[in-house]
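K.L.:
The sequence and its predicted three-dimensional model are supplied below.
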Amino acid sequence: MDRRDFIKSSGILVGASTLDMPDYSMDAKKKIKVGLIGCGGRGTGAAFQALNADPDVEIVALADIFQAQLDTALASLMEAHKERVKVSDKRKYVGFDAYQKLINSDVDVVLLATPPCFRPDHLAAAVKKGKHVFCEKPMAVDIPGVLKVREAVQLAKDKKLNIVSGFCFRYTNPNRELAKLIHGGAIGDIYSISTFRLGGELTEKVRQPQWDDLTYQLYNWFYYQRYSGDIIVEQTVHSIDFMNWMLNRGLPKAVSGTGGRQSRPWDKYGNVFDHFAIEFDYGDGVKGYHFGRQQNGTQSRNSVEAIGTKGAMNVSVLSKYEITGQNPWKFAGKTDNMYQTQHNELFAAIKNKQVINDGDFMADSTLLGIWAREAAYSGKIISLDEIQNSTKVYGPSADEYSWQMEIDKALIPRPGLASS
């Protein structure tokens, strides 16, 4: 992919005017101060990738609700990059308000890697303060959260701030080459596309004697609707994002599907499903299908397959990328580390006074995951208008969290039963 195609596909706005507004770009020789909000495994990984992206990056602030997680992340970062990890005691922010303290500091870039229930408010606060953002997926767990994200995205555009999303499939060479070919008509008009994200269960963090119920839930947030949005929003949404990217048709007209909880016990491991099967109806006979599963002892699969009027696309993520039919093609290049590429491009854009804004597609893909979940939970066909006008919230705003708050007591959904 040449530079022009890269700029077009990744959302870079080049040469944007900065008249009558603050200049949030960086001097090419200046150190780039980075703060991490959410010091778990994914957040720590993002901090390493930021450090590897540019020698001028410094990690100067950390924030988490748990002191232990912050300490573990800091020790890991210091061991590898002691000279560029400059987190003083006063820059170690702990608690539910830690995110705001970090954002109010003099960091240039914020890495958002908390559970997704916090993402809309954290993103809005970061953009309001003029920070460039790496924003892990998903962006919200409900539609009111998506609306907050869209508002923050527009403000970031107005301020010429970078937002790079955690939808990493869009940041790897084979997928980008494939997208260019598919959008150029290599398999003609797509009329069916299916995605599979099948794997095992996530590992429970065993309850410690000193933990209360809320602490246990927040350490195991991926098991709870309030914090994760369920597996289709938190994890398998990657595949749904890939589907919508390849189709390049905007949002579907309606979504229906099913799901449930077969393998996990009903009296443990929260209130999320362990499988989903969803149909996305794009109109004009075009359908997208998604199958997601987290069940131990089952066969794994991570694939995207599309059928068009001139051929077919077949992707096994990280191993096979090919087109068959009238315009056959196989990816023969070098596969990059998509997680690292995200940060390489973010910090290059900042230094080169360019802007990457993934905001529109990251909000759309998050909406698709939420839409699919609601269809499965309810057992109903849900139209685009219905989901966009949803006012259902799954939990409090970030500023309403406290250690005295009620835990997530939502029941495991049972479609068709009013008591679920």
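P.N.:
Structure's in. What do you need?

K.L.:
What is the neighbour count of the residue lying closest to Arg249 once chain neighbours are set aside?
P.N.:
Distances taken as C-beta to C-beta, 6 or more residues apart in numbering put Tyr282 closest to Arg249, at 5.3 Å, once the chain neighbours are dropped. For every residue, glycine as well, the C-beta is placed using N, CA and C. Neighbour count of Tyr282, defined by other C-beta atoms under 10 Å: 19.

K.L.:
Check the secondary structure at Tyr282 for me.
P.N.:
Three-state call for Tyr282 (DSSP: H, G, I helix; E, B strand; the rest coil): strand.

K.L.:
ok, it - contacts?
P.N.:
Applying C-beta atoms under 8 Å, 6 or more residues apart in numbering to Tyr282 gives the contacts Leu247, Arg249, Pro252, Lys253, Gly288.

K.L.:
Repeat that for Arg261.
P.N.:
So Arg261 contacts Val272, Phe273, Asp274, His275, Ile412 (C-beta under 8 Å, 6+ apart).

K.L.:
let's see it at 7 Å
P.N.:
Taking C-beta atoms under 7 Å, 6 or more residues apart in numbering, we find Arg261 in contact with Phe273, Asp274, Ile412.

K.L.:
Show me what counts as buried in stretch 409-418.
P.N.:
Within stretch 409-418, the residues scored as buried using 16 or more other C-beta atoms under 10 Å are Ile412, Pro413.

K.L.:
State the mean pLDDT of that stretch.
P.N.:
Summarised as a single mean, pLDDT over stretch 409-418 is 90.

K.L.:
Secondary structure added to the contacts of Arg261, as JSON lines?
P.N.:
As requested, the contacts of Arg261 are exported to JSON lines (three-state DSSP):
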{"residue": "Phe273", "secondary structure": "coil"}
{"residue": "Asp274", "secondary structure": "coil"}
{"residue": "Ile412", "secondary structure": "coil"}
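
K.L.:
For Gly259, state which of these is nearest.
P.N.:
Nearest to Gly259 among those: Phe273, at 4.5 Å, using C-beta to C-beta.

K.L.:
Could you give the number of residues near that closest one?
P.N.:
Counted with other C-beta under 10 Å, Phe273 comes out at 23.

K.L.:
Same check on the one 3 residues further on?
P.N.:
One way to gauge burial is a neighbour count; for Phe276, by other C-beta under 10 Å, it gives 26.

K.L.:
a helix runs through it, doesn't it?
P.N.:
No - counting by three-state DSSP, one finds Phe276 to be strand, located in no helix.

K.L.:
re the thing from before, tell me which of the contacts of Tyr282 fall in helices.
P.N.:
Within those, residues falling in helices by DSSP state H are Leu247.

K.L.:
In CSV: the contacts of Tyr282, plus neighbour count.
P.N.:
Converted to CSV, those look like this (neighbours: other C-beta atoms under 10 Å):
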residue, neighbour count
Leu247, 18
Arg249, 14
Pro252, 23
Lys253, 14
Gly288, 24
